[in-house]
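Chemist: After the sequence you'll find the predicted model.
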Amino acid sequence: MLLKETTCIVCPVGCNLKIEKINDEIKVSGNLCMRGNEYGKSEITNPKRIVTCSIDNKDKIYFVKTTLPIPKSLVFETIKEIKKIPTKKSFNIGDIALKNILNTDADVVITGFHNKTL
């Protein structure tokens with residue numbers, strides 16, 4: 001039984017995956033590497049995503065991302081938590097703005113910034 005057809009996002013190749021359930025086992029086809037196989041299976045059992053977002057403070061807009069993929073079901077809650085990060089604080093690229101967000105073992109790290117113009 002076909003469960004899902006999707007594009008693998010693990011690497012830039014973007015393999016077209018077909019994920020099926022055969023005899024109570026999840027089978028992935030269309031992948032060119034084992035990472036695609038793992039990604040396909042996780043898309044059915046426990047999909048995860050890296051979350052990217054921004055923090056707006058008085059002088060800069062900081063760009064952030066999670067250091068690890070988090071369960072897809074927690075993406076919107078993660079964004080809400082990121083938006084609570086104090087905006088008066090100044091950050092450097094690479095700084096951890098929030099540790100272990102929602103007990104996922106993922107930290108929120110500063111990846112860049114943009115100075116606001118007046």
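Modeler: Ah, there it is.
Chemist: quick one: the most centrally placed residue in the chain from Tyr39, how far?
Modeler: When C-alpha atoms, centre = their mean is applied to the chain, the residue found nearest the centroid is Ile50 (1.0 Å). Distance, Ile50 to Tyr39, by C-beta to C-beta, to the nearest Å: 13 Å. In this view, the C-beta of every residue, glycine as well, is placed from N, C-alpha and C.
Chemist: just Asp107 next, same as before
Modeler: From Asp107 to Tyr39 the distance is 22 Å (C-beta to C-beta).
Chemist: Please say which of the two ends up with more neighbours.
Modeler: Tyr39 (23 against 17; other C-beta atoms under 10 Å).
Chemist: is it true that the more buried one lies in a helix?
Modeler: Yes - secondary structure of Tyr39 (DSSP: H, G, I helix; E, B strand; the rest coil): part of a helix.
Chemist: From Val10, how far off is it?
Modeler: Per C-beta to C-beta, Tyr39 is found 5 Å from Val10.
Chemist: For Phe113, name its beta-bridge partners.
Modeler: Tyr62 (DSSP bridges).
Chemist: Domain boundaries for the protein, per the record?
Modeler: What automatic domain parsing lists as the domains of the chain is 2-45, 52-115.
Chemist: Could I get the contacting residues of Cys8?
Modeler: Counting by C-beta atoms under 8 Å, 6 or more residues apart in numbering, Cys8 touches Gly14, Cys15, Asn16, Leu17, Asn31, Arg35, Gly36, Tyr39, Gly40.
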